[in-house]
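Colleague: here are the coordinates; sequence isn't available:
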């Protein structure tokens, strides 16, 4: 690629060389860094994202008003009292007796406050068969789930005494407890099982315990260090538990991948007859460079989340960016030092039968994959056919994505009928549409008891019902000391977010301006579950284009400068977008339409959770660069050594097939674990990531990439002369180490690769 011989060689080779020569210093610095990062993070503590910072728009305004007023909104609970048959009504004596028993039992626990009877609040359904006893939990709403059990038991006791009626509790605290009991360990199990799964696959890949432990150890130390750094950074940009989980997922994936690439190359060079020092230098110059290019590209992709303006996404993006950067630095510094220190001992703990099978396979194939050799023979023989078939198949898979519908999943969509509380949620919604997730109007005034404000509140309550946005009852709760009122409006549409969204729009655009909007000095932002979903969708929709442009443009620039080829940069972007599109198509087909959903233990819920498409785009665009950079680097290296482009493609793909397959299997296995969780949103994330990585490592890298490069031939290395002024990040260390002949094209002319 037109590099001068006198140019200073790459960072990866220099870092690897220094670490190998000063191995104890390199290892000591890394250990010190990890310990210091963890210590500083522990001392600083983690600042989490506040509710008021989660979203912009009205949801943010409402949360800010509540926060500034110092109001701790309690966890609200509801007890549904409902006739099982058609004969009993709320006016009947035994129904009244059951309601009185519920009120008495709840008050008797001492855990509840503001217990209200449906006969006082008019929370009786239109058909007269259902009524709601409402109350608040005492204490902090964040920990209410830990204190709600006595209340649940008291309600169960009343149910046993009135078996002809259905008496069930639902609310923030009871749902929190139910989900913690049912799914609280889901994430922990997934996170804990990810490491053994990765280790098991690495044992099969390397056939030796020490070699298998190295990638896992690097990934874990990178994750531990990043957890500490997150604590420090959170004082500038708040973090969250979600960001922590995503960081762990990404950290394990890239940490293992980077170490795997490096270690496999070092072993390959030793198997080719090089001494340990030379093998390590070649691995540093080649795989080390690929790791840096890949790592920087992944960091750029993760940085795209910072453009969303959503605090949760910003936290996930920064946490992922940090763990990738830490794993990348560790791979090119401490890993060479450890390999230099271990030498042949990296093969300790050999598993006899695996080792023998690997040696026999290596002797037969010369280290190249027989499967991919056979596939490539067909691909390179008819590259145009391969492109048309593979691209056509991926476009067909991606086609359902054109009809993608995104929304925040309702309780029944998220959990199905697996939990009794979901059935209670549906019954409350059927009897009191929107009652489970009412709109909340946070009204702030100079004097909340001023006649004009009171009149406007009464008008708002009446118009909310007369406009058709709500069927009532509309409840108003005053906080006189803070001059704030909460207005709870059950929305027509209930759990149907499209219909409920239309009701919300009516409240915001028609009812509010005609009532509260006419009083000077009154703020009345509308929040709640439906409003939060709508505001989130609006903000995320506005962020899609900036994030997309940022990630694509910067990834293109990095590929252009790293490979000094306009063609490689363009094809990299196109192939990655095709991979992401196919993942979207699978998500929509399985989770929106329900095609084959039972095969992954899921069901068609009619929508994809709002945050997933953008999240998947950023994560997949970054992670797919791992394989792409690694494979293309090997092809380019072979071209520099004098092979024709077609031979270089063959050599690059088949020699990297083993390590790419191992890395992909680990990623697919780890992501698939999240696909086994009970929550539909986690299933969608796990299946989407696993499917995309599988497609990327097989169809994209094994068929489309070589076929496209074979069709392009020498045009793969096209770099316009006017671009020569751009920075040169190619670093041809491999040429210096192996002293290859000058690369020439098929006519014998010298080429600039």
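Modeller: Yep, it's here. Here the structure is a predicted model, which means the values were calculated and not measured.

Colleague: after the longest helix along the chain comes which helix or strand?
Modeller: In the chain, assigned by DSSP state H, the helix with the most residues is helix 529-563. Downstream of helix 529-563, the first helix or strand assigned by DSSP states H and E is helix 566-587.

Colleague: Just checking: what are the partner strands of the helix or strand following that following helix?
Modeller: Toward the C-terminus, helix 566-587 is succeeded by strand 608-609 as the next helix or strand (DSSP H and E). As defined by DSSP bridges, the strand partners of strand 608-609 come to strand 406-407 (parallel).

Colleague: List the buried residues of the following helix or strand past the strand it pairs with.
Modeller: Helices and strands here follow DSSP H and E; after strand 406-407, the next one along the chain is helix 411-415. Across helix 411-415, burial judged by 16 or more other C-beta atoms under 10 Å covers 411-415. C-beta coordinates here come from the backbone N, C-alpha and C atoms, glycine included.

Colleague: Over to stretch 645-654?
Modeller: Going by neighbour count (16+ other C-beta under 10 Å), the buried part of stretch 645-654 is 645, 648-654.

Colleague: mind checking how far the residue lying farthest from the centre of the chain is from residue 81?
Modeller: Most distant from the centre of the chain: residue 93, at 53.1 Å, with distances by C-alpha atoms, centre = their mean. Separation of residue 93 from residue 81 (C-beta to C-beta, to the nearest Å): 14 Å.

Colleague: cool, residue 669 as well?
Modeller: 48 Å.

Colleague: what's the answer for residue 692, then?
Modeller: 48 Å.

Colleague: out of those two, which sits in the more crowded spot?
Modeller: For residue 692 versus residue 81, neighbours defined as other C-beta atoms under 10 Å are more numerous around residue 692 (29 against 26).

Colleague: by contact count, what packs against the strand or helix carrying that one?
Modeller: Element membership for residue 692 (DSSP H and E) is helix 680-695. Contact analysis of helix 680-695 by 3 or more C-beta pairs under 8 Å, 6 or more residues apart in numbering; DSSP states H and E lists helix 411-415, helix 566-587, strand 608-609, helix 612-640, helix 645-675 as its packing neighbours.

Colleague: between those, which gets nearest to residue 463?
Modeller: helix 411-415 (29.0 Å; C-beta to C-beta).

Colleague: buried residues in the helix or strand that the closest one is followed by?
Modeller: The element immediately downstream of helix 411-415 (helix or strand, assigned by DSSP H and E) is helix 420-431. For helix 420-431, the neighbour count (16+ other C-beta under 10 Å) marks 421-422, 424-429, 431 as buried.

Colleague: Any chance of those in TSV with pLDDT and distance to residue 15 as columns?
Modeller: Below are these laid out as TSV (pLDDT from 0 to 100; distance: C-beta to C-beta, whole Å):
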residue	pLDDT	distance to residue 15
421	83	54
422	83	54
424	87	59
425	84	56
426	83	59
427	87	63
428	86	61
429	82	59
431	84	66
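
Colleague: if we take those residues, which one ends up nearest to residue 564?
Modeller: For the buried residues of helix 420-431, the nearest to residue 564 is residue 422 (56.6 Å; C-beta to C-beta).

Colleague: Am I right that the closest one is in contact with residue 413?
Modeller: No. Look at residue 422 against residue 413 with C-beta atoms under 8 Å: they stay out of range, at 9.7 Å.

Colleague: Okay, now the unreliable bits of this protein?
Modeller: Low-confidence segments of the chain (pLDDT under 70): 1-9, 51-54, 182-191, 353-369, 417-418, 435-436, 495, 729-753.

Colleague: residue ranges for the strands of it, please.
Modeller: 76-83, 112-116, 130-137, 165-171, 406-407, 439-444, 475-479, 484-489, 526-527, 608-609 (DSSP state E).

Colleague: Neighbouring strands of the fourth one in the sheet, and parallel or not?
Modeller: Yep, that's strand 165-171 we're talking about. Partners of strand 165-171 in the sheet, by DSSP bridges, are strand 76-83 (antiparallel).

Colleague: For the strand it pairs with, report the contacting residues that lie outside it.
Modeller: Residues from elsewhere that reach strand 76-83 (C-beta atoms under 8 Å, 6 or more residues apart in numbering): 89-90, 95, 98-99, 102, 106, 112, 118, 129-137, 148, 151, 155, 164-174, 424, 427-428, 431, 435.

Colleague: for residue 380, what are its contacts?
Modeller: 646, 649-650, 706-707, 710.

Colleague: rerun that using 7 Å as the cut-off
Modeller: With contacts defined as C-beta atoms under 7 Å, 6 or more residues apart in numbering, residue 380 is in contact with 646, 649-650, 706, 710.

Colleague: Pull the number of nearby residues for residue 513.
Modeller: When neighbours are defined as other C-beta under 10 Å, residue 513 has 11 of them.

Colleague: for the one 4 residues further on, same thing?
Modeller: Around residue 517 there are 12 other residues, counting by other C-beta under 10 Å.

Colleague: how far away is it from residue 466?
Modeller: Applying C-beta to C-beta to residue 517 and residue 466 gives a distance of 17 Å.

Colleague: Residue 162 now?
Modeller: Shown here: residue 162 relative to residue 466, a distance of 36 Å by C-beta to C-beta.

Colleague: same question, residue 526
Modeller: In this view, residue 526 and residue 466 are 18 Å apart by C-beta to C-beta.

Colleague: more crowded one of those two?
Modeller: Neighbour totals were compared for residue 526 and residue 466, and residue 526 leads with 24 against 10 (other C-beta under 10 Å).

Colleague: and that one, what does it touch?
Modeller: Counting by C-beta under 7 Å, 6+ apart, residue 526 touches 58, 439, 441, 504, 507-508.

Colleague: Neighbour count and distance to residue 392 for the residues you listed - can I get that in TSV?
Modeller: Listed next are the contacts of residue 526 as TSV, based on neighbours: other C-beta atoms under 10 Å; distance: C-beta to C-beta, whole Å:
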residue	neighbour count	distance to residue 392
58	22	46
439	25	47
441	29	53
504	25	43
507	24	48
508	19	46
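
Colleague: Go through those and name the one nearest residue 402.
Modeller: residue 504 (27.3 Å).

Colleague: ok, and the closest non-adjacent residue to that closest one?
Modeller: residue 530 (5.2 Å; C-beta to C-beta, 6 or more residues apart in numbering).

Colleague: what does residue 231 give?
Modeller: Excluding the flanking residues, the one nearest residue 231 by C-beta to C-beta, 6+ apart is residue 41, at 3.1 Å.

Colleague: And stretch 564-574, how far out from the chain middle?
Modeller: Stretch 564-574 sits 27 Å away from the centroid of its parent chain (C-alpha atoms, centre = their mean, to the nearest Å).

Colleague: Ok, stretch 299-319 next?
Modeller: The answer for stretch 299-319 is 11 Å, by C-alpha atoms, centre = their mean.

Colleague: again with stretch 100-110
Modeller: Distance, centroid of stretch 100-110 to centroid of chain: 43 Å (C-alpha atoms, centre = their mean).
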